[in-house]
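*Asks:* Need a 3D model of the following:
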Amino acid sequence: MKHENNIEETIQKKLNFSAGAELHDRILNDVMNSYEKSKNEKSAGSSPRIRRIIMKSPVTKLAAAAVIILAVILSISFWVKSSSIAYAFEQTIEANHTVRSLHIKDFTPGIDEPKEFWLEFDEKGQVKDIRMQMPEWESPSDGAKVIIWQEGKAKVWFKKKNSLLIVREQRLAERMLELARQVDPRPTMEHLYEQEQQGNVKIEIDEPSDKAKPITVTATYEPESSRPGRLVVLLIDQATKLLTAMEVFQLKNDEYQQVGRTEFHDYNQAIDPRVFSLEDEIPSDVMRIDQTTHEVGLAQGDLSDDEVAVEVVRQFFTALIAEDYTSAGQLFEGIPADKMRQIFGPIKILSIISIGPAGPHPIAETKGLVVPCTVEIEHDGETAEWELETIGVREVYNQPGRWTIFGGI
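*Replies:* Got it, this is the predicted structure:
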């Protein structure tokens, strides 16, 4: 008897897991990729209890809700340039010195539920706590997820998969800190004026006499060879001179079409500490994988990438043959031994028939390799060959030089 299957499908059937891109791509790119295409699916969203804690006002429903991922802001460079235009720089406070907490809503075209971010800073202005809520529509295979960042660690709760992954992560805080510095529109305006002097952008400023209305700064960029023309609109509160919203439009068929909107809320309003804790939210039976307390995967040593990928798979199945589920889990993203037993216990691995060679993973953004492997198994009293053609192997996230089978989280 011959079984044609793959390890990802087995995992998915057992624990509703699926192979996915590297955590850096799945999380940071959610924040940084400015024109990510997403399926038009809606998430069930946060539980009513936590939303009562973290939502101080209802989610704004826009007729043309749109994406402006934070990279649009983070991509701006800064120069100092004085200007005589009506917008008064001298009245602009240095927001990066005064903002201690911030709530951001990031809207995607045609979808009511935004991505949301809560940031809290210490007395030195460094990022202290981050909460990110990513709806299911953003990554249907992962499902809705919540990320809590504190003290150099990110806790990622995959709701649909009922798993909690803990990894070392510093770049997220650094990028969020850079974002917080941008809520002061002064450096943005200075850059825009520099670009205007170079003929790259046209700036229009509307400063209403009604102080309750925002200052509107409209920057129109001419088309370039690498990208179409675009229009950026900044809405700035007249009292605080802080950015309250940013909208981006792209020129298409001679018309500007909105492609994004980011809103900035709740400057310096106290955030309930429970917002930055998952313990009251996650179920008691969640699978916990902490990659910060021990090394995961296999050290590469002097092996080439292809060689270490093959060796990871070889040692993984050797551990399963010996029913050493601790070692097998160590080579499979650090999945706990009891879960490995749950997955593979019913299937007795007898021997490795063939293995390798490694080749590129068909999904390039995983930054991994695939290793074909055929093993002899015993299942329900029958002996069979189990052909696995797409066992994914890659470096462990934030553990360079160590390689793991992936797809279990």
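*Asks:* Going by C-alpha atoms from here, please, whenever you check contacts or count neighbours.
*Replies:* Noted.
*Asks:* how about the helices in the stretch 301-409 of the chain?
*Replies:* Listed in chain order, the helices of the stretch 301-409 of the chain (DSSP state H, counting those that start in this stretch) span 305-321, 325-330, 337-344.
*Asks:* Out of these, which gets nearest to Asp112?
*Replies:* helix 337-344 (36.7 Å; CA to CA).
*Asks:* average pLDDT for that closest one?
*Replies:* Averaged across helix 337-344, the pLDDT comes to 90.
*Asks:* And Thr108, how far from Gly229?
*Replies:* For Thr108, the distance to Gly229 equals 20 Å [CA to CA, to the nearest Å].
*Asks:* should've said Val393
*Replies:* With CA to CA as the criterion, Val393 and Gly229 are 41 Å apart.
*Asks:* neighbour-wise, which of Thr108 and Gly229 wins?
*Replies:* Between Thr108 and Gly229, counting by other CA atoms under 10 Å, Thr108 is the more crowded of the two (26 against 18).
*Asks:* per-residue confidence at that one?
*Replies:* pLDDT, read off for Thr108, is 84.
*Asks:* before we move on, what about the one 10 residues further on?
*Replies:* At Trp118, the model reports a pLDDT of 94.
*Asks:* ditto for Ser141
*Replies:* pLDDT at Ser141 comes out at 76.
*Asks:* for Leu15, same thing?
*Replies:* Reported pLDDT for Leu15: 44.
*Asks:* repeat for Arg261
*Replies:* 91.
*Asks:* and what of the one 10 residues further on?
*Replies:* Per-residue confidence for Ile271 comes out at a pLDDT of 94.
*Asks:* what do you get for the one 5 residues further on?
*Replies:* For Phe276, the pLDDT comes out at 95.
*Asks:* ok, now how distant is it from Met246?
*Replies:* 26 Å.
*Asks:* Tyr325 too?
*Replies:* On the measure of CA to CA, Tyr325 and Met246 end up 51 Å apart.
*Asks:* try Gln399
*Replies:* For Gln399, the distance to Met246 - CA to CA - is 37 Å.
*Asks:* Please say which of those two ends up with more neighbours.
*Replies:* Applying other CA under 10 Å to Gln399 and Met246 shows that Met246 carries more neighbours, namely 22 against 16.
*Asks:* Note down every partner strand of the longest strand that the chain contains and its orientation.
*Replies:* Secondary structure of the chain read by DSSP state E shows that its longest strand is strand 382-396. Sheet pairing of strand 382-396 (DSSP bridges) gives strand 2-5 (parallel), strand 369-379 (antiparallel), strand 399-405 (antiparallel).
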